[in-house]
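Student: make a model of this:
(one chain, ligands or ions: 1)
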Amino acid sequence: MSGPRAYHQVPVAEVISETGDACSLVLAVPPELADAFAYRPGQFLTVRVPDGAGGSVARCYSLSSSPHTGDLPTITVKRIADGYASNWIADNVRPGDVLDLLPPAGTFSPQHTSVQWTAAAVRTCWEFGAADRPSALVEGCASLRDSIDRAVTAGWLQVAPP
Ligand SMILES: Cc1cc2nc3c(=O)[nH]c(=O)nc-3n(C[C@H](O)[C@H](O)[C@H](O)COP(=O)(O)OP(=O)(O)OC[C@H]3O[C@@H](n4cnc5c(N)ncnc54)[C@H](O)[C@@H]3O)c2cc1C
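Tutor: From the prediction side, this is the model:
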């Protein structure tokens, strides 16, 4: 199969157990697939898994990594009660396995993805998070975390020690 919607074979670099029922698959996208697997925040990958009867099923998983931090592309899969693919992935996928993946898709992304968070946005989010629930807000958004790190490094955002 060829064309933009062709499945590609991508090795799994690491499987991270996030909780009792969720795991992250860190993907070692080969250099020759780097362009095809470039992504924007909010996009998802489609994973094809065997259906046990000689065929396959496909499921979508959002990219849980940030394209701005240099981290490897990652998806996070939560087991669904009686769900087929989510449990198959959790039970079977191990580091070194090769997944059949469609390239990133989806248009639910920030409008200006090449632009980092503005100073005002970072400051507002940080102040909101610090006052309320910093871990939920800040840890949940890798690109925001990255921008905060850069803002602190640049010296225009002071973060008080805990
Ligand atoms: C754009 C997008 C992004 C997504 N991102 C993520 C993500 O980041 N992480 C994540 O974990 N999931 C994500 N999902 C959901 C994911 O694609 C799967 O839908 C999910 O993993 C469940 O798949 P499954 O094969 O395990 O469950 P399925 O086998 O499809 O079953 C799902 C549910 O339907 C029930 N069911 C199945 N068949 C029947 C039937 N015939 N009658 C009645 N009930 C039935 C099952 O019991 C189960 O409760 C995303 C979905 C989309 C569309």
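Student: stretch 92-101: which residues count as buried?
Tutor: Within stretch 92-101, the residues that count as buried by 16 or more other C-beta atoms under 10 Å are 93, 99, 100, 101. Every residue, glycine included, has its C-beta placed from N, CA and C.
Student: and the second one, which of the three is it?
Tutor: To tie it back to what came earlier, the one meant is residue 99. For residue 99, the secondary structure call by DSSP: H, G, I helix; E, B strand; the rest coil comes out as strand.
Student: which residues touch the residue nearest to it when sequence neighbours are not counted?
Tutor: Distances taken as C-beta to C-beta, 6 or more residues apart in numbering place residue 10 nearest to residue 99, at 5.4 Å, with adjacent residues excluded. By C-beta atoms under 8 Å, 6 or more residues apart in numbering, residue 10 lies in contact with 27, 28, 29, 30, 33, 37, 98, 99, 101.
Student: same question for residue 27.
Tutor: Residue 27 is in contact with 10, 11, 12, 13, 37, 72, 73, 74, 75, 99, 101, counting by C-beta under 8 Å, 6+ apart.
Student: and the one helix or strand the second one maps to, which strands flank it?
Tutor: Element membership for residue 11 (DSSP states H and E) is strand 8-19. Strand 8-19 has these partner strands in its sheet, going by DSSP bridges: strand 22-27 (antiparallel), strand 98-105 (antiparallel).
Student: mind exporting the C-alpha coordinates of it to CSV?
Tutor: Extracted in CSV, the C-alpha atoms of strand 8-19 (Å, rounded to 0.1, in the frame of the first residue of the first chain):
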residue,chain,number,x,y,z
HIS,A,8,4.1,2.4,8.4
GLN,A,9,6.1,0.1,10.7
VAL,A,10,7.3,2.0,13.8
PRO,A,11,9.3,0.3,16.6
VAL,A,12,8.3,0.9,20.2
ALA,A,13,11.2,2.3,22.2
GLU,A,14,9.7,2.1,25.6
VAL,A,15,6.4,1.1,27.4
ILE,A,16,5.7,3.2,30.4
SER,A,17,3.2,2.1,33.0
GLU,A,18,1.4,5.3,33.9
THR,A,19,-1.3,3.9,36.1
